[in-house]
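> Got a sequence here, can you build the structure:
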Amino acid sequence: MTTTTTVSSKNGRIKELIIPITGMHCANCANTVGRGLKRLPGIEAVNVSYANERAIVTYDPKQVTPEQVIKTIESIGYGAALAEVDLPVAGMTCNNCANTITRAIKRLDGVLDVNTSYASERTHVVYLPSMVELSDIKRAVRDAGYRIIEVEGGEQEQMDAEQAARNAEIADKRRKVIVGAALSVPIMILSMAEMVGLPLDFPGRLWVVAVLTTVVQAYLGKDYYVSAWKALQNRTANMDTLVAMGSSVAYFYSLAILALGLDPMHYHVYFESAAMILTLITLGKYLEVRAKGQAGEAIRTLLGLRAKTARIVRGADGEEVEVPVDDVLVGDVVVVRPGEKIPVDGVVIAGQSTVDESMLTGESLPVSKTVGDVVIGGSLNKTGSFRFRATAVGKQTALAQIVKLVQEAQASRAPIQDLADKVSSVFVPAVIALALAVGAYWYFWGAAAYYHHENPLGVALIFMATVLLISCPCALGLATPTAIMAGAGLGARHGILIKNAEALQKAGAVDTVILDKTGTITRGQPTVTDVVEIKGKRSGERVLEGSSGLPLSGADESHPVAVRPPAPSLSSSPLLYYAASAERASEHPLAEAIVEYARAHGVAPGEAESFNSITGRGVEATVEGRFVLLGNPALMAERGIDLEAVEPEITRLQNEGKTVMAVAVDGELLGLLAVADTVKETSAEAIRQMHALHLRVVMVTGDNRRTAQAIARQVGLDPEREVKAEVLPGAKAEVVRQEQEAGHVVAMVGDGINDAPALALADVGMAIGTGTDVAIETADVILMRGDLRSVPQAIRLSRRTFRTIKQNLFWAFAYNVAAIPVAAGVLVPFFGPHYQLNPMIAAAAMAFSSVFVVSNSLRLRRTQL
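Sure thing, here's the model as predicted:
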């Protein structure tokens with residue numbers, strides 16, 4: 001391993017970074033990186049080698065951070081070979097523990113970023129493998145007093161190990177609660193026998209109580225004392241410090257009274273408090289651990305979708321062999337039978353079926369699959385058998401990527417968490433200082449004024465213990481991450497993948513949604529919507545009928561055209577035959593739509609002897625010796641084709657936002673074809689839901705204004721105020737910028753490569769999961785379904801998650817603000833000594849405040865989006 005050098009210089013202590021650089025192609029690239037880094041303040045020296053692809057940077061940590069160095073390299077156009085690791089950690093008892101782990105890892109040179117979550121019990125580390133090894137990071141965690149859960153194998157094995165560790169912790173806490181309760185009940189009865197008039201006063205009664213309390217201290221208290229000692233060794237304090245101090249104050253004071261033979265009537269003993277404190281807090285921890293496990297249920301559910309085995313075809317004879325799913329390779333042919341899980345991602349090569357993808361995409365209806373269709377590993381085959389060729393295996397499958405995204409989102413930090421973390425980082429030391437001050441007050445002044453017949457030291461210690469025990473940093477630490485975990489899991493169940501907590505927070509503040517038209521509002525695939533034929537130009541001379549079997553408008557003797565939507569059979573249509581034959585050689589999407597439509601309706605296109613594309617206007621071709629011209633009305637007028645008979649239909653179709661093409665053979669008009677990118681069935685409902693959320697919705701498209709406005713009317717958008725037409729692909733980002741400059745918080749929804757800049761610029765970028773990899777990579781939120789209703793669902797998810805976080809934070813802050821003064825005795829001067837808070841009640845309140853926060857977060861799992 002290469003270590004960091006720290007030396008002295010005239011500017012003080014400087015450090016050295018060794019960074020592997022990616023993307024360099026020549027020595028000039030190395031010079032470019034070097035020049036870029038030297039512009040940073042605090043850089044003492046830079047040595048970039050193209051040969052070994054490394055940069056050695058000497059820097060002053062007071063002026064520049066390693067993160068800034070890495071960002072500079074990336075901004076120049078190169079990359080830094082960083083490593084990331086996600087480590088499950090056992091032994092954390094509060095958010096201060098997470099902070100301790102973070103500080104311990106950050107002390108290592110070469111560590112760039114650390115995020116430790118008490119709620120998910122994981123630490124995520126980004127580091128330079130050229131400077132620090134994974135073993136060093138693990139050692140830092142162990143030296144801080146915590147344990148890494150390690151296991152050989154993949155994600156499933158790791159999750160199983162974590163679940164086993166959690167189950168063991170739950171079982172341990174359950175045993176301790178049972179033992180604690182079994183001992184604390186007789187301790188309470190024996191301690192309070194005189195007070196309640198029970199005939200249980202016998203010689204040595206208090207010594208029996210002391211022995212039972214000692215067992216409770218040894219068995220239940222051990223974990224708290226060990227954790228507090230380790231925290232002290234790390235020069236910090238955590239919740240266990242408060243519990244250990246509060247419990248031990250009551251226990252050792254009482255033991256001293258008994259050992260010194262002092263009168264228990266004047267010098268009260270508090271063995272029952274010492275025992276019940278540990279029992280109640282352990283009960284709270286037991287409930288908290290169970291609840292936290294439920295918050296991470298989404299990950300376990302997703303991993304449970306993964307098939308254990310796969311049936312693949314091996315050998316020339318086509319033998320089917322069942323192998324572990326990890327042994328499947330890209331290119332293998334996989335056989336799937338009804339009722340089986342699809343093991344990996346692939347493309348169907350034989351057979352057909354319906355597949356349930358609901359657990360992955362949130363799509364409730366089974367999806368039909370046939371040759372050429374994509375199947376996703378983890379989805380469930382329903383009806384037929386089929387074979388597919390594997391295209392992604394292991395960590396490259398869609399399921400593995402979904403799990404990774406959800407894990408990263410659950411472990412990420414929301415900006416709203418910063419305040420809670422700042423408070424909790426100083427909370428425990430502040431509470432200890434406050435408890436000492438409270439104890440001093442009651443010892444020197446308060447006891448004499450309000451507790452005339454009691455020992456001042458005992459009074460002071462009990463007030464001090466009560467303050468220590470009622471203060472709860474755990475609720476503060478759990479308020480945000482547990483809600484984020486539950487919210488991210490809920491989103492995953494609905495096919496909404498949120499990359500990080502910041503995006504989840506921002507989505508709730510969105511007031512403007514910009515929708516790309518193609519592929520988002522519409523299907524993104526042009527289809528033939530209308531056929532208009534000149535009467536007498538098709539064989540049979542019959543009235544054209546639509547799918548209803550009724551004569552269509554314009555099909556009577558007084559009208560020269562017959563207009564209809566796509567009909568079941570057009571095998572006798574020369575219009576479709578010549579149009580499809582002429583377009584067969586074209587790769588234009590409109591041409592493909594015409595050819596596909598013709599074939600679907602029994603018209604087999606012929607071969608064109610010649611073909612010429614007239615860019616942006618149409619095509620001309622020779623088919624069976626006849627000259628075919630297909631194009632827009634302007635091209636037809638230019639070529640002298642009379643369109644008077646169909647002008648009303650051209651106007652009507654264009655007003656509906658459709659692309660109209662006329663077809664002429666040997667100079668004679670056969671009719672019209674209308675092609676449109678049809679609107680998705682759910683788009684209008686999605687936009688209605690967005691409006692109901694008081695969101696301003698804007699459709700952006702490169703189409704002409706008339707087409708754009710026609711689409712807008714179909715989906716319930718205001719054609720004048722909520723449409724931006726004729727926007728060039730590269731100008732979508734400018735639309736986003738204009739909205740932001742007007743003071744709006746903008747979400748951009750798109751699916752294409754040309755949407756990527758706008759997705760990146762928007763406050764929240766949402767990519768349709770069926771879109772391009774570039775769009776998905778750039779976006780903050782991935783909508784696994786092609787259903788636009790996922791957008792309002794994502795907004796509602798964010799708003800409800802952050803409403804829950806605010807509730808949690810309010811409870812955590814309000815609880816401590818209200819409870820600590822009561823524990824300190826502010827009510828005693830006004831209402832008398834009977835209003836002193838018992839340490840046992842304080843312990844119960846502390847234990848259940850964090851349980852309340854976690855339970856409130858778990859309510860999100862039952863939320864309907």
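
> name the element P88 belongs to?
In the assignment (DSSP states H and E), P88 maps to strand 83-90.

> What residues of that strand count as buried?
By neighbour count with 16 or more other CB atoms under 10 Å, strand 83-90 contains the buried residues 83, 87-89. In this view, the C-beta of every residue, glycine as well, is placed from N, C-alpha and C.

> and if you look at stretch 311-327?
311-312, 323, 325.

> first vs last residue of that stretch, how far apart are they?
End-to-end span of stretch 311-327 (CA to CA, to the nearest Å): 11 Å.

> who's in contact with that stretch?
Residues from elsewhere that reach stretch 311-327, judged by CB atoms under 8 Å, 6 or more residues apart in numbering: 154, 306-310, 328, 332-337, 343-344, 387, 394.

> Residues in a beta bridge with the most centrally placed residue in the chain, which ones?
Geometric centre of the chain, nearest residue: I498, 3.0 Å, by CA atoms, centre = their mean. Beta bridges link I498 to V781 when assigned by DSSP bridges.

> That one contacts L504, doesn't it?
Yes - between I498 and L504 a contact is recorded at 4.9 Å, counting by CB atoms under 8 Å.

> Can you pull the residues that touch both of the two?
Common neighbours of I498 and L504 (CB under 8 Å, 6+ apart) are 409, 487-488, 491, 797.

> Name all residues that make contact with the nearest residue in space to G631 that is not next to it in sequence.
With CB to CB, 6 or more residues apart in numbering as the criterion, G631 has its nearest non-adjacent residue at 2.0 Å, and that residue is G618. Contact analysis of G618 by CB under 8 Å, 6+ apart lists 629-632, 635, 661.

> what does R142 give?
I148.

> does it count as helix, strand or coil?
Following DSSP: H, G, I helix; E, B strand; the rest coil, R142 is assigned to helix.

> Just the pLDDT for it.
If you check R142, the pLDDT there is 92.

> Mind giving me the packing neighbours of the host helix or strand of A244?
A244 is part of helix 239-259, with elements assigned from DSSP H and E. Secondary-structure packing of helix 239-259 (3 or more CB pairs under 8 Å, 6 or more residues apart in numbering; DSSP states H and E): helix 205-219, helix 222-233, helix 271-295, helix 417-441, helix 456-470, helix 473-493, helix 839-858.

> just how off-centre is the shortest one within its chain?
Per CA atoms, centre = their mean, to the nearest Å, the displacement of helix 222-233 from the mean C-alpha position of its chain is 35 Å.

> Spatially, which residue comes closest to T309, not counting chain neighbours?
Nearest residue to T309, sequence neighbours excluded (CB to CB, 6+ apart): E322, at 5.3 Å.

> is it fair to say the one you found lies in a strand?
Yes - applying three-state DSSP, one finds E322 inside a strand.

> what's the spacing between it and F388?
For E322, the distance to F388 (CB to CB, to the nearest Å) stands at 16 Å.

> ditto for V347
Separation of V347 from F388 (CB to CB): 6 Å.

> And M92, by the same measure?
Per CB to CB, M92 is found 44 Å from F388.

> okay, the angle between the helix or strand that the strand holding P88 is followed by and helix 473-493?
Downstream of strand 83-90, the first helix or strand assigned by DSSP H and E is helix 95-106. Interaxial angle, helix 95-106 versus helix 473-493 (axes from the mean of the first three to the mean of the last three CA atoms, to 10 degrees): 80 degrees.

> unless I'm mixing things up, R389 is touching V333, no?
Yes - using CB under 8 Å, R389 is in contact with V333, at 5.8 Å.

> what is in contact with the two at once?
Here R389 and V333 share the contacting residues I349, scored by CB under 8 Å, 6+ apart.

> So which bits of stretch 837-852 are buried?
837, 839-852.

> what's the closest of these to V125?
Among the buried residues of stretch 837-852, S850 lies closest to V125 (CB to CB), at 26.1 Å.

> neighbours around the spatially closest residue to that closest one that is not a sequence neighbour, how many?
Of all residues not flanking S850 in the chain, C474 sits nearest, at 3.9 Å (CB to CB, 6+ apart). Close neighbours of C474, defined as other CB atoms under 10 Å, add up to 28.

> Can you give me the distance of C474 to I70?
Per CB to CB, C474 is found 34 Å from I70.

> and what of N47?
For N47 relative to I70 (CB to CB), the value is 17 Å.

> Which of the two has more residues huddled nearby?
Neighbours per residue, other CB under 10 Å: of N47 and I70, the larger number sits with I70, 19 against 12.

> Quick check: the more buried one touching A80?
Yes - between I70 and A80 there is a contact under CB under 8 Å: 4.9 Å.

> tell me the pLDDT at P792?
Taking P792 on its own, its pLDDT is 97.

> Grab the nearest non-local neighbour of it.
Q689 (4.0 Å).

> Can you show me the strands along the stretch 251-400 of the chain?
Remark: strands assigned in the stretch 251-400 of the chain by DSSP state E, counting those that start in this stretch are 309-314, 319-324, 333-336, 345-351, 353-356, 367-369, 374-375, 380-381, 386-392.

> and the angle from the last one to strand 309-314?
To tie it back to what came earlier, the one meant is strand 386-392. Taking the same axes, to 10 degrees, strand 386-392 and strand 309-314 form an angle of 100 degrees between their directions.

> So what touches strand 386-392?
Strand 386-392 is contacted from outside by 313, 328-336, 342, 344-353, 369, 374-375, 377, 398, using CB under 8 Å, 6+ apart.

> what's next to stretch 79-88, contact-wise?
Residues from elsewhere that reach stretch 79-88 (CB under 8 Å, 6+ apart): 19-23, 70, 73-74, 112, 121-130, 134, 137-138, 141, 148-149, 158, 161-162, 165, 407, 411.

> related to what we said a few turns ago, could you identify which of the strands of the stretch 251-400 of the chain is most buried?
Highest mean neighbour count of the strands of the stretch 251-400 of the chain: strand 333-336, a mean of 22 (counted as mean count of other CB atoms under 10 Å).
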